[in-house]
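Undergrad: Here's a sequence, model it:
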Amino acid sequence: MFRKMRRSKQELTEEECIDILINEPRGVLALLGDYDYPYALPMSHVYVDGKIYFHGAHKGHKLDAVKKHSKVSYCVMDKGVKAEDSWWYTFKSVIVFGRIRTLTDNQEKTDKLTCLGDKFFPTHEKTVEEINRLLDKTEVFEITIEHMSGKIVQEK
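TA: Residues are numbered from 1 along each chain as shown. Sure, this is the predicted structure:
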């Protein structure tokens with residue numbers, strides 16, 4: 001169903017893709033938005049147990065798009081390495097295709113927000129404080145991965 005990578009010599013292993021999803025903090029989520037236009041937005045994410053999680057508000061374009069159509073794409077790039085004495089970078093990227101859903105169980109939301117917060121906040125205590133303050137105002141989204149590919153790119 002999903003296309004094979006055209007430049008297979010540049011293809012990353014599944015382990016390399018997962019490493020990028022775990023270690024990089026942000027990606028770009030692509031949804032089917034208003035009037036069937038693509039809607040892509042930067043997101044901070046966490047990869048847990050083979051799925052990708054992020055948070056958002058109870059209202060807005062993202063939530064409306066998720067409710068309308070569950071198929072999504074998510075792209076993550078590493079920081080890359082600049083070639084010495086040159087303009088170009090070598091970087092790795094991962095593209096995920098999958099289905100998105102909004103979590104409804106408060107314990108599940110809290111568990112995933114804890115993972116997300118612990119990735120970004122300086123202490124676990126700060127994570128807990130923010131979850132307690134904002135849980136009732138926060139949606140948690142889960143991407144179940146149906147296909148994932150990654151590649152290494154040299155811009156030259």
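Undergrad: Buried residues, the biggest strand by length in the chain. List them.
TA: Longest strand of the chain, by residue count under DSSP state E: strand 139-154. For strand 139-154, the neighbour count (16 or more other CB atoms under 10 Å) marks 139-143, 145, 148-152 as buried. Where you see a C-beta, it was placed from the backbone N, CA and C, and this is true even at glycine.
Undergrad: Just the C-alpha atoms of it, please, in PDB.
TA: The C-alpha coordinates for strand 139-154 follow below in PDB (Å, rounded to 0.1, in the frame of the first residue of the first chain):
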ATOM      1  CA  GLU A 139      -6.300  17.200  24.700                       C
ATOM      2  CA  VAL A 140      -3.800  14.300  24.100                       C
ATOM      3  CA  PHE A 141      -3.400  12.900  20.600                       C
ATOM      4  CA  GLU A 142      -2.000   9.500  19.700                       C
ATOM      5  CA  ILE A 143      -0.700   8.400  16.300                       C
ATOM      6  CA  THR A 144      -0.700   4.700  15.700                       C
ATOM      7  CA  ILE A 145       2.000   4.100  13.100                       C
ATOM      8  CA  GLU A 146       1.000   2.200  10.000                       C
ATOM      9  CA  HIS A 147       4.100   2.900   8.000                       C
ATOM     10  CA  MET A 148       7.400   4.500   8.800                       C
ATOM     11  CA  SER A 149      10.400   5.300   6.600                       C
ATOM     12  CA  GLY A 150      13.600   7.300   7.100                       C
ATOM     13  CA  LYS A 151      16.500   8.500   5.100                       C
ATOM     14  CA  ILE A 152      19.800  10.200   5.300                       C
ATOM     15  CA  VAL A 153      20.100  13.200   3.000                       C
ATOM     16  CA  GLN A 154      23.200  15.100   1.800                       C
END
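Undergrad: who does that strand touch, helix- and strand-wise?
TA: Here strand 139-154 touches helix 14-23, strand 51-56, strand 89-102, helix 106-120, going by 3 or more CB pairs under 8 Å, 6 or more residues apart in numbering; DSSP states H and E.
Undergrad: Show me what the third one packs onto, helices and strands only.
TA: Translated: strand 89-102. Using 3+ CB pairs under 8 Å, 6+ apart: strand 89-102 touches helix 14-23, helix 61-68, strand 71-77, strand 81-82, strand 139-154.
Undergrad: can you put those in CSV and add mean pLDDT and distance to residue 30?
TA: Putting the helices and strands packed on strand 89-102 into CSV (pLDDT from 0 to 100; distance: least, CB to CB, whole Å) gives the following:
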stretch, mean pLDDT, distance to residue 30
helix 14-23, 97, 16
helix 61-68, 95, 10
strand 71-77, 98, 4
strand 81-82, 87, 26
strand 139-154, 95, 11
